[in-house]
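> need coordinates for the below:
(one chain, ligands or ions: 1)
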Amino acid sequence: MNDNTPSPRGSCTLVGAGPGDPELLTIKAVKAIRAATVLLVDDLVHDDVLAWARPDARIVHVGKRGGCKSTPQAFIEKLMIAAVREGEQVVRLKGGDPFIFGRGGEEVEHLRAAGIDCQVVNGITAGLAAVTALGVPLTHRDHAHGVVFMTGHAKPGHQPTDWPLVGASVRTLGLTLVVYMGIGRVADLQQGLLQSLPATTPVAVVKNASLAHQQHCVTTLAALQHAIVRNELGSPAVIVVGDVVRGVQCLSSASSSPLEEIAQKKALNMR
Ligand code: SAH
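Just a heads-up that it's a prediction; the model follows:
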């Protein structure tokens, strides 16, 4: 490039692809995807979302698809910065909302530190979609004064979550608790919450919210772990704790198994 050639102007936009259902994309998200020359795509983004991309766009999957290890965060950030500097219109497609967990904030910080401004397009976050998909509101005013989104997976090296305190706050303030990434550490979460919430507190677990293969179960705090195992509710799933769950119509997958009932009785006796 000689000195008179203007440097190409790349751009970067973090786009929320929503919880799964490709029809839950915003119009703004679609516009950004259509304008992209490079798309860096997370695991939980539905393939149909990519149908909006230009045929000549470069699509890079950076998630754990196909059993591969996910791409290290630092590498993704390097890719984004390099592509913007090459003049590409980069879209970083992330599941749900880019700023609800999922490291969107870290990516924006790194780009800004490299002198690159970054736009952010909201998406519908999984916790919101999951509860709506069950036909209940997160904050019915008869049952909850607010909602709290927590991660079940504290950053390594940070204090583990004080679940008894979370439970006490939720109880005192009348909040719905929605836990992302909670399945892997559900034993800690359950034990901790049981110290401050009744064993009979209603809980719903929703996997693949908003997708055709969505699954859910409705149970109690005492029976939570058994219900997850019995209904094979692995990741991606959210755990919803609170009275709003009482409104969920009980479907067949929602009924308690004998094991869950034993766990529930045990928990009740312990109190
Ligand atoms: N930024 C995302 C969350 C990323 S963290 C958002 O706003 O939704 C990833 C976690 O989100 C998963 O472990 C799971 O807890 C939750 N999640 C994402 N998609 C989901 C879905 N379709 N159904 C249920 N939970 C989902």
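
> give me the distance between the two termini of stretch 189-198.
14 Å (Cα to Cα, to the nearest Å).

> what's across from whatever residue of the chain ends up closest to the ligand in the sheet?
Closest residue of the chain to the ligand, Cβ to the nearest ligand atom: Gly96 (1.9 Å). (Each C-beta comes from the backbone N, C-alpha and C, glycine too.) On the basis of DSSP bridges, Gly96 is bridged to Gly18.

> how many neighbouring residues does it have?
By other Cβ atoms under 10 Å, 29 other residues sit near Gly96.

> does it really touch Pro19, like I thought?
Yes. With contact defined as Cβ atoms under 8 Å, Gly96 counts as touching Pro19 (5.6 Å).

> now for the two: what residues contact both?
Residues touching both Gly96 and Pro19 by Cβ atoms under 8 Å, 6 or more residues apart in numbering: 123-126, 129.

> before we move on, the earlier item: what distance do you get for the residue of the chain closest to the ligand to Ala130?
10 Å (Cβ to Cβ, to the nearest Å).

> so what sits against both of these two?
When contacts are counted by Cβ under 8 Å, 6+ apart, Gly96 and Ala130 have Pro19 as shared neighbours.

> low-confidence ranges in the stretch 101-250 of the chain?
The stretch 101-250 of the chain contains residues with pLDDT under 70 at 249-250.

> what parts of the stretch 1-150 of the chain come near the ligand?
Residues of the stretch 1-150 of the chain lying close to the ligand by Cβ under 6 Å from any ligand atom are 19-20, 44, 94-97, 100-102, 125-126, 130.

> so can I have TSV of the residues you listed showing distance to Leu165?
Formatted as TSV, these follow (distance: Cβ to Cβ, whole Å):
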residue	distance to Leu165
Pro19	28
Gly20	32
Leu44	29
Lys94	29
Gly95	28
Gly96	26
Asp97	25
Ile100	21
Phe101	20
Gly102	24
Thr125	23
Ala126	24
Ala130	24
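
> determine which two of those residues are furthest apart.
Lys94 and Ala130 (16.9 Å; Cβ to Cβ).

> I'd say Ile116 and Leu14 touch.
No. Checked against Cβ under 8 Å, the pair Ile116 and Leu14 is beyond contact range at 11.7 Å.

> which of these two has more neighbours?
Set Ile116 next to Leu14 and count neighbours by other Cβ under 10 Å: Leu14 wins out with 27 against 17.

> and that one, what does it touch?
Applying Cβ under 8 Å, 6+ apart to Leu14 gives the contacts 91-92, 94, 98, 104, 107-108, 118-121.

> for Arg103, same thing?
Gln73.

> measure it to Gln191 for me?
According to Cβ to Cβ, Arg103 stands 28 Å off from Gln191.

> same deal with Gln73?
30 Å.

> likewise for Lys28?
Computed with Cβ to Cβ, the distance linking Lys28 and Gln191 is 42 Å.

> likewise Val248?
Taking Cβ to Cβ, one finds Val248 at 24 Å from Gln191.

> between those two, who's got more neighbours?
Val248 (19 against 13).

> show the contacting residues for that one.
Val248 makes contact with 134-136, 204, 216, 218, 254, according to Cβ under 8 Å, 6+ apart.

> now, those residues that are in strands?
Residues of the contacts of Val248 located in strands (DSSP state E): 204, 216, 218.

> next, format these as TSV and append neighbour count and distance to Ile228.
Formatted as TSV, the ones in strands among the contacts of Val248 follow (neighbours: other Cβ atoms under 10 Å; distance: Cβ to Cβ, whole Å):
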residue	neighbour count	distance to Ile228
Ala204	26	11
His216	22	11
Val218	23	12
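
> now, which of the residues you listed sits nearest Val147?
The shortest approach to Val147 among these belongs to Ala204, at 13.5 Å (Cβ to Cβ).

> hey, what's that closest one bridged with?
Ala204 has these beta-bridge partners by DSSP bridges: Val218, Val240.

> isn't it up against Val218?
Yes. Using Cβ under 8 Å as the test, Ala204 is close enough to Val218 to be in contact (5.0 Å).

> which neighbours do these two share?
Listed contacts common to Ala204 and Val218 are 245, 248; contacts here mean Cβ under 8 Å, 6+ apart.

> for the stretch 51-200 of the chain, what spans make up the helices?
73-85, 104-113, 126-133, 163-173, 186-194 (DSSP state H, counting those that start in this stretch).
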